[in-house]
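Engineer: Any chance you can model this:
(chains A, B, C and D)
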There are 4 protein chains.
Amino acid sequence: MVGYVVSCGRLTMEFPERMTIQSHTITVVPRYAETDKGGVIHHSVYPVWFEMGRTELLRANGVAYRDLEAAGIFFVVVELRIKYRRPAFYDQPLTLETTCSNVTAGKVEHTYRLTQPETGVLLAEGASILACVDAQGKIRRIPKFLYLDQE
Amino acid sequence: MVGYVVSCGRLTMEFPERMTIQSHTITVVPRYAETDKGGVIHHSVYPVWFEMGRTELLRANGVAYRDLEAAGIFFVVVELRIKYRRPAFYDQPLTLETTCSNVTAGKVEHTYRLTQPETGVLLAEGASILACVDAQGKIRRIPKFLYLDQE
Amino acid sequence: MVGYVVSCGRLTMEFPERMTIQSHTITVVPRYAETDKGGVIHHSVYPVWFEMGRTELLRANGVAYRDLEAAGIFFVVVELRIKYRRPAFYDQPLTLETTCSNVTAGKVEHTYRLTQPETGVLLAEGASILACVDAQGKIRRIPKFLYLDQE
Amino acid sequence: MVGYVVSCGRLTMEFPERMTIQSHTITVVPRYAETDKGGVIHHSVYPVWFEMGRTELLRANGVAYRDLEAAGIFFVVVELRIKYRRPAFYDQPLTLETTCSNVTAGKVEHTYRLTQPETGVLLAEGASILACVDAQGKIRRIPKFLYLDQE
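Structural biologist: Coordinates of the predicted model:
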């Protein structure tokens, strides 16, 4: 089976035919610099973790996001929602589950669940919508190989 | 008119009777460190700006948030929503309007509008819900003096 | 007096003949997101402030750093030294003095002094060396108009 | 052999007798949020990585830094030096070697080497000096169990 080939200038890249893995889990260890004077992780850090979750979900599907950008395919966040249920603390590992819930020609939707590894207690949950732009920031269609294979 | 007095250990602080200003506008100049390799401001920076907007809205009402924390009154973000409509760029000043839309015993709601100063073009809009906790992180009632005066 | 003209693709920009102002002072108000669980400003924030100091020193000389980058002139930090003498705190304004101490074809040197506005007490001091690169990250000579006028 | 016991309020913690491991290596994967519009990792991120390196060196010695803080032992950076030799890029893993070069009653010194894993090419090197403070930020002696065992 031949993958999806993208040409961008002198660069030619081959990507998988379709995305087949819909959910992926990573462990995040909160850094000291991510804490605030309230003694907890600052709420602006969660979008950074969610982005790491998306990167690793993509990698689990055989695609490095940096290769997408090298091929002129950029994703930008157009909508973000987060519910913070319990605080996260410095150096206490967290489980982040990232799920790609929908992909169309115009947008990619993800949901996120941040939990305590031992107890499964939910600390935060979120959702995001991404759009696809080219290197000039102009909206473009999402390449078919990034669709979820839902046969 | 006597203000609202809070005692916290040996510390006694006096705050205004009520909040009277509902909306406040600040100018934000995006920093180089806030950009990303896509050439725009990273989406995780907007919550930081929104927090600055809340701080200045509070200050316009005569209250420094740092004094609230010194008096044992902490606010934590429990919900955040952002729609990113157009990118923001390094060193291009932005207008951020922060509005306190509702205050109850249990939560404070704000909305945010980020626009281009010259054109008024909307770059992003958002909303947040804050809860009030004590120095131990335990949920507490929001002090009455932080309610909006809506007579 | 005609300024220094830089052409970059279809873009033509005019910059001043020389830098004439060597020191510039700005006020920095530490953000909540810049604090850490120790209750002070995290040490990694100071380089961000120093960069803001450089930007404003350049602007005081009539040059916007974003225009330099648009003209293909990028500066990168190659060396940084900071001495942290006393902590900085959330929402307590600071005075940052940035001085351009030397410019040669190969590097620009700055020093920084962060003080308390009322007392003049020194909180931190630093120094940096910048090199000049083109849009591809290749080392290039520093344009003459960025030299200090020291007649 | 009994470890070093620290009492802090109702809390009693046991730490190892001495530090025995002087150098420790971790892998750092640069995040998207850590890039800047120059296409590289922003220089203010390196101190954050160095701090992670110290945390993991300490952990390799059997001590969690968060336990030190819980026991009233805080470390603050009083001096930092970094030489940036080559840029670091998004999602390209780095090797960070952190070495504790000296510990006295008044300070801890570390050095850092950031290299490319495959080639060993040096990207950056640094050094820091930490002082020890109590929960009130007052300078205190560094506990003996944090000294390097150099018999």
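Engineer: can you pull the buried residues of the helix or strand where residue A:80 lies?
Structural biologist: Under the criterion of DSSP states H and E, residue A:80 resides in strand A:74-84. Applying a neighbour-count criterion of 16 or more other Cβ atoms under 10 Å in any protein chain shown, one finds A:74-84 buried in strand A:74-84. For glycine as for every other residue, the C-beta is placed from the backbone atoms N, C-alpha and C.
Engineer: any idea whether the residue sitting nearest the centre point of chain A is helix, strand or coil?
Structural biologist: In chain A, the centroid-proximal residue (Cα atoms, centre = their mean) is residue A:54; its distance is 1.5 Å. Classification of residue A:54 using DSSP: H, G, I helix; E, B strand; the rest coil returns helix.
Engineer: Identify the residues contacting it.
Structural biologist: The contact partners of residue A:54, by Cβ atoms under 8 Å, 6 or more residues apart in numbering or on different chains, come to A:65, A:98, A:110, A:128, A:130.
Engineer: Which positions in the stretch of helix or strand the last one belongs to come out as buried?
Structural biologist: The reference is to residue A:130. Using DSSP H and E, residue A:130 falls within strand A:122-133. Residues A:123-133 are the ones in strand A:122-133 that count as buried (16+ other Cβ under 10 Å).
Engineer: okay, among the residues you listed, which ones form the most distant pair?
Structural biologist: A:123 and A:133 (31.5 Å; Cβ to Cβ).
Engineer: thinking again about what came up before, quickly check: the strand holding residue A:130 near chain D or not.
Structural biologist: No. Strand A:122-133 is not in contact with chain D by Cβ under 8 Å from any Cβ of the partner chain; minimum separation 12.4 Å.
Engineer: Give me the distance between that strand and the centre of its chain.
Structural biologist: 8 Å (Cα atoms, centre = their mean, to the nearest Å).
Engineer: which strands and helices sit next to it?
Structural biologist: Where contact means 3 or more Cβ pairs under 8 Å, 6 or more residues apart in numbering or on different chains; DSSP states H and E, strand A:122-133 is packed against helix A:46-60, strand A:74-84, strand A:108-115.
Engineer: Of these, which is nearest residue D:59?
Structural biologist: helix A:46-60 (20.9 Å).
Engineer: How about residues contacting the least confident helix or strand in chain A by mean pLDDT?
Structural biologist: Here the helix or strand of chain A ranked lowest by mean pLDDT, DSSP states H and E is strand A:4-8, holding a mean of 73. Applying Cβ under 8 Å, 6+ apart, the contact partners of strand A:4-8 are A:12-17, A:70-73, A:143-145.
Engineer: would you put the C-alpha positions of it in CSV?
Structural biologist: Extracted in CSV, the C-alpha atoms of strand A:4-8 (Å, rounded to 0.1, in the frame of the first residue of the first chain):
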residue,chain,number,x,y,z
TYR,A,4,-0.2,9.8,0.5
VAL,A,5,2.5,11.9,-1.2
VAL,A,6,2.8,15.6,-0.7
SER,A,7,5.1,17.8,-2.8
CYS,A,8,6.1,21.2,-1.5
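Engineer: Can you name the residues of chain A that neighbour chain B?
Structural biologist: A:37-40, A:43-45, A:47-48, A:51, A:69, A:74, A:76-85, A:87, A:137.
Engineer: who touches residue A:15 in this structure?
Structural biologist: A:3-6, A:62-63, A:67-68, A:71, A:143, A:145.
Engineer: Then residue A:82?
Structural biologist: Here residue A:82 is in contact with A:43, A:46-47, A:124-126, B:79-81 (Cβ under 8 Å, 6+ apart).
Engineer: any idea how far residue A:105 lies from residue A:133?
Structural biologist: Between residue A:105 and residue A:133 the computed distance is 14 Å (Cβ to Cβ, to the nearest Å).
Engineer: low pLDDT regions in chain A?
Structural biologist: Counting by pLDDT under 70, chain A contains low-confidence residues at A:1-3, A:8, A:150-151.
Engineer: about what we covered before: go ahead and name everything in contact with the helix or strand following the strand holding residue A:80.
Structural biologist: As assigned by DSSP H and E, the chain's next helix or strand after strand A:74-84 is strand A:94-103. Residues from elsewhere that reach strand A:94-103 (Cβ under 8 Å, 6+ apart): A:19, A:22-30, A:49-50, A:52-54, A:56-57, A:88, A:108-117, A:123, A:127, A:142, A:146-148.
Engineer: What's the PyMOL syntax to select whichever of those residues are buried?
Structural biologist: Command for PyMOL, covering only those of the contacts of strand A:94-103 found buried under the criterion 16+ other Cβ under 10 Å:
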select buried, chain A and resi 19+22+24+25+26+28+30+49+50+52+53+54+56+57+88+108+110+111+112+113+114+115+123+127+142+146+147+148
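Engineer: could the contacts of strand A:4-8 go into a markdown table alongside distance to residue A:93 and secondary structure?
Structural biologist: Shown next, in a markdown table, are the contacts of strand A:4-8 (distance: Cβ to Cβ, whole Å; DSSP: H, G, I helix; E, B strand; the rest coil):
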| residue | distance to residue A:93 | secondary structure |
| --- | --- | --- |
| A:12 | 40 | strand |
| A:13 | 34 | strand |
| A:14 | 35 | strand |
| A:15 | 32 | strand |
| A:16 | 30 | coil |
| A:17 | 35 | coil |
| A:70 | 32 | helix |
| A:71 | 34 | coil |
| A:72 | 36 | coil |
| A:73 | 32 | coil |
| A:143 | 35 | coil |
| A:144 | 37 | helix |
| A:145 | 33 | helix |
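Engineer: Select only the buried ones of those residues in ChimeraX?
Structural biologist: Here is the ChimeraX command that picks out the buried ones among the contacts of strand A:4-8, judged by 16+ other Cβ under 10 Å:
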select /A:13,15,71,72,73,145
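Engineer: wait, which of the contacts of strand A:4-8 is closest to chain D?
Structural biologist: Looking at the contacts of strand A:4-8 and their distance to chain D, the nearest is residue A:70, at 10.5 Å (Cβ to the nearest Cβ).
Engineer: Summarise which helices and strands the helix or strand hosting residue A:26 is packed against.
Structural biologist: Assigning secondary structure by DSSP H and E places residue A:26 in strand A:23-28. The elements that strand A:23-28 packs onto, with contact taken as 3+ Cβ pairs under 8 Å, 6+ apart, are helix A:46-60, strand A:94-103.
Engineer: Dump these to CSV, plus distance to residue C:93.
Structural biologist: Output for those, formatted as CSV (distance: least, Cβ to Cβ, whole Å):
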stretch, distance to residue C:93
helix A:46-60, 28
strand A:94-103, 35
